[in-house]
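Q: I'll drop the sequence and a predicted model, then ask my questions.
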Amino acid sequence: MKKALFVLMASGMFLGLVGCKKDYTCDCSVNYGSSIDSTFSFTYEGVKKSKAEEGCEAAETTYKLVDPNASCALK
């Protein structure tokens, strides 16, 4: 019984470490002036969703320094 529980726990830890890694895209929209709108994307390859969200939020925070209405969204 203990052996089966150990194997189950080890399997769960392994899946937690390697699972859910995939590619995510962060789409951003920034207005650099009265007539200069810019949209662009960043691709986060082979990462967990939480890391991609952190990166996308950081990009939005940076672009809000230029344009308070800047927005970035993870897709």
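A: It's in.
Q: where along this structure do the strands fall?
A: Taking DSSP state E as the test, the strands found in the chain are 22-31, 37-47, 71-74.
Q: I'd like the ones you listed written out as a markdown table, with distance to Lys64 added.
A: In short, each C-beta sits where N, CA and C put it, glycine included. Below are the strands of the chain laid out as a markdown table (distance: least, Cβ to Cβ, whole Å):
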| stretch | distance to Lys64 |
| --- | --- |
| strand 22-31 | 9 |
| strand 37-47 | 14 |
| strand 71-74 | 9 |
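Q: Please name the residues that touch the spatially most central residue of the chain.
A: Most central in the chain under Cα atoms, centre = their mean is Ala52, positioned 1.4 Å from the mean C-alpha point. Neighbouring residues of Ala52 by Cβ atoms under 8 Å, 6 or more residues apart in numbering: 24, 26, 44, 74.
Q: right, and out of those residues, which lies closest to Thr62?
A: In terms of Cβ to Cβ, no member of those lies closer to Thr62 than Cys26, at 11.8 Å.
Q: And the closest one, how close does it get to Glu57?
A: Cys26 sits at a distance of 9 Å from Glu57 (criterion: Cβ to Cβ, to the nearest Å).
Q: okay, the two: which has more neighbours?
A: Set Cys26 next to Glu57 and count neighbours by other Cβ atoms under 10 Å: Cys26 wins out with 21 against 13.
Q: any idea what sits nearest that one, other than its immediate chain neighbours?
A: In space, and not counting its chain neighbours, Cys26 is closest to Cys56: 3.7 Å by Cβ to Cβ, 6 or more residues apart in numbering.
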